[in-house]
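S.K.: Test case, fold it:
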Amino acid sequence: MKDLNKKVAVVTGAGSGIGRALAKALAARGCRLALSDLNEAGLKQTAELCNAIDVKTYLLDVSDRDAIYAHAETIVKDFGNVNLVINNAGVALSASVREMTDDDFKWVMDIDFWGVAHGTRAFLPHLIASGDGHVVNISSVFGLIGVPKQSAYNAAKFAVRGFTEALRQEMKLENQPVAVSCVHPGGIRTNIANAARMGKSENTEAQRKSFDKLAVTTPEKAAKVIVKGILKNQSRILVGPDAWGIEVINRVLGSAYQPLVERFSRKNLYT
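M.R.: Residues are numbered from 1 along each chain as shown. This is a model prediction of the structure:
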């Protein structure tokens, strides 16, 4: 996919943050947009900011498998085809393995992993039929390294990475006209931390302030990097200097990165 002009692009979680920035960036390149979120007001605002000739919005709960499959059929009916799907919607949870509830664990997995998996599978036949398709799944730097109090989020984001990398290989081996990219953002200045669920013993205010310090990349910069990665057909798209740093540490140290994370966590997460 060397040119995005007039391509039909699907973006979940488009009501704010990276999703909104992606919608704006894609609109600037001439995409026809199918934007979804559960935040109706935010979604409406995103559509207004896009200034796109052809943009439609949809209320969608990505944790609902049947709703995702119905959503795919609706978009094909509305637009005629689909070229680009960005499974971006996500949530966060900060809690230890001992403390997190089953409901919170399920909440994260249903949205951050199953939302991506079902979103990919629902649209894949349509992407193949388009003759020029691309799947972009949003993982995280927490899909590269394990971090204390992020076990559920780690589980979801590692799963997204494995699922996406396997799909990319399948598409190549089957000679299908679908490119596949996995995105690993570092700290992005979005509302995900404020909307995150917290364990009972967590210092919510301290955790969110800590995240704010680490969020060094704007959503607009993230969107620019992601779109560039799409056009270059990158298998792994790293977003932010922290993401690149973690990638290097992971490659150089392997599992030996863990003492570094432990020292950082002792200072910032266990105070």
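
S.K.: The nearest residue to residue 155 once chain neighbours are set aside: neighbouring residues, count only.
M.R.: Distances taken as CB to CB, 6 or more residues apart in numbering place residue 109 nearest to residue 155, at 6.8 Å, with adjacent residues excluded. No exception for glycine: its C-beta is placed from N, CA and C like everyone else's. Residue 109: 18 surrounding residues under other CB atoms under 10 Å.

S.K.: Kindly confirm my reading that residue 109 forms part of a helix.
M.R.: Yes. Judged by DSSP: H, G, I helix; E, B strand; the rest coil, residue 109 forms part of a helix.

S.K.: My understanding was that it contacts residue 156; is that so?
M.R.: Yes. Using CB atoms under 8 Å, residue 109 is in contact with residue 156, at 5.4 Å.

S.K.: Residue 57: what's it in contact with?
M.R.: Residue 57 makes contact with 14, 35-37, 43-44, 46-47, according to CB atoms under 8 Å, 6 or more residues apart in numbering.

S.K.: Looking at these, state which has the most neighbours.
M.R.: Neighbour counts for these, by other CB under 10 Å, peak at residue 14, which reaches 33 neighbours.

S.K.: Now, the contacts of residue 57 that are in helices?
M.R.: Taking DSSP state H as the definition of helices, those contribute 43-44, 46-47.

S.K.: would CSV of the residues you listed with pLDDT and distance to residue 167 be doable?
M.R.: CSV is the format used below for the ones in helices among the contacts of residue 57 (pLDDT from 0 to 100; distance: CB to CB, whole Å):
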residue, pLDDT, distance to residue 167
43, 97, 27
44, 96, 32
46, 97, 27
47, 96, 29
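
S.K.: Closest to residue 188 out of these?
M.R.: Closest approach between the ones in helices among the contacts of residue 57 and residue 188, by CB to CB: residue 46, at 16.2 Å.

S.K.: Quick check, the closest one in contact with residue 13.
M.R.: No. If you go by CB under 8 Å, residue 46 and residue 13 don't touch, sitting 10.2 Å apart.

S.K.: Can you check which residues contact both of those two?
M.R.: Contacts common to residue 46 and residue 13, judged by CB under 8 Å, 6+ apart, are 19, 37.

S.K.: At which residues are the strands of the chain located?
M.R.: Listed in chain order, the strands of the chain (DSSP state E) span 8-11, 32-37, 55-59, 84-87, 93-94, 133-138, 178-185, 197-198, 236-239.

S.K.: Which of those comes out lowest on mean pLDDT?
M.R.: Comparing mean pLDDT across those, the weakest is strand 197-198, with a mean of 74.

S.K.: That one packs against which elements?
M.R.: strand 93-94 (3 or more CB pairs under 8 Å, 6 or more residues apart in numbering; DSSP states H and E).

S.K.: by contact count, what packs against the strand it packs on?
M.R.: Here strand 93-94 touches helix 102-108, strand 197-198, going by 3+ CB pairs under 8 Å, 6+ apart.

S.K.: Try it again at 10 Å.
M.R.: For strand 93-94, the elements it packs on are helix 102-108, helix 151-173, strand 197-198, helix 204-214, judged by 3 or more CB pairs under 10 Å, 6 or more residues apart in numbering; DSSP states H and E.

S.K.: Which of these sits closest to residue 270?
M.R.: Of the helices and strands packed on strand 93-94, nearest to residue 270 by CB to CB is helix 204-214, at 10.7 Å.

S.K.: Report the mean confidence score over the closest one.
M.R.: In this model, helix 204-214 carries a mean pLDDT of 59.
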